[in-house]
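*Asks:* Structure for this input, please:
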Amino acid sequence: MKFAEREIKLKDGRTCVLKPNSPEYAAEMIEFMKKTAGETEYLLRYPDEVSFTVEKEKEILGNILEDPYHIMMIAVVDGKPAGNGSVSGIGTKRKIQHRCTLAIALYEEFWGLGIGSAMINYLSELAAGIGWKQLDLEVVADNERAQALYRKCGFVESGRRHNALRFDDGTYHDEILMYKDLT
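*Replies:* Numbers count the residues shown, from 1 in each chain. Predicted coordinates:
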């Protein structure tokens, strides 16, 4: 989906631009996915599971950019990607058409500067503008920092998925289900 760029001032004084992610960032997004997956154990993939080619990532980003029901946002600081977030519908069946889901990740060096909150708030605004009524997400139960961010942005815990994730070290981790009312 195409949407207006938004500039925000970061806690360290720098400017961040929130804008639609696009094929021009394909190579940087592949590196982003690999690096962020290695910086925290709380994302769904491991670095070695990122296997997109630049051509395939360009195609994916181009398709998302043209899809009015899929939002892919990139946060750019000093000309380089700092974060990525997306919102997409849960499904097309009438009973669930009112719901969408959020995913977000930032490079660790940009944590705590206000980018996450700004991205979530803008993504929420765009999702409401599409007509979705509820924004859902899942977060690893151990990830208290992210849960605090989501609560700050208006999300409420609605449940728990037991042993939802199995890490490579063999440990199992619950997921917390959260939602935000967009009405």
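
*Asks:* Mind checking what secondary structure the residue nearest the centre of the chain has?
*Replies:* When the chain is reduced to its mean C-alpha position, the closest residue under C-alpha atoms, centre = their mean turns out to be Ile104, at 1.9 Å. The local conformation at Ile104, judged by DSSP: H, G, I helix; E, B strand; the rest coil, is strand.

*Asks:* I figured it hits Gly83, correct?
*Replies:* Yes. Between Ile104 and Gly83 there is a contact under C-beta atoms under 8 Å: 6.9 Å. Yep, even glycine has a C-beta here, placed from its N, CA and C like the rest.

*Asks:* who touches both of the two?
*Replies:* Here Ile104 and Gly83 have 116, 119 as joint contacts, going by C-beta atoms under 8 Å, 6 or more residues apart in numbering.

*Asks:* State the next helix or strand along the chain beyond the host helix or strand of Met33.
*Replies:* Using DSSP states H and E, Met33 maps to helix 26-39. Per DSSP H and E, the first helix or strand lying C-terminal to helix 26-39 is helix 54-66.

*Asks:* now for that next one, which elements pack on it?
*Replies:* Helix 54-66 is packed against helix 26-39, strand 70-77, with contacts defined by 3 or more C-beta pairs under 8 Å, 6 or more residues apart in numbering; DSSP states H and E.

*Asks:* Report the buried residues of it.
*Replies:* 57-58, 60-61, 64-65 (16 or more other C-beta atoms under 10 Å).

*Asks:* can you list the residues you listed in JSON lines and add pLDDT and distance to Glu175?
*Replies:* Below are those laid out as JSON lines (pLDDT from 0 to 100; distance: C-beta to C-beta, whole Å):
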{"residue": "Glu57", "pLDDT": "97", "distance to Glu175": "26"}
{"residue": "Lys58", "pLDDT": "97", "distance to Glu175": "31"}
{"residue": "Ile60", "pLDDT": "97", "distance to Glu175": "25"}
{"residue": "Leu61", "pLDDT": "97", "distance to Glu175": "27"}
{"residue": "Ile64", "pLDDT": "97", "distance to Glu175": "24"}
{"residue": "Leu65", "pLDDT": "96", "distance to Glu175": "29"}
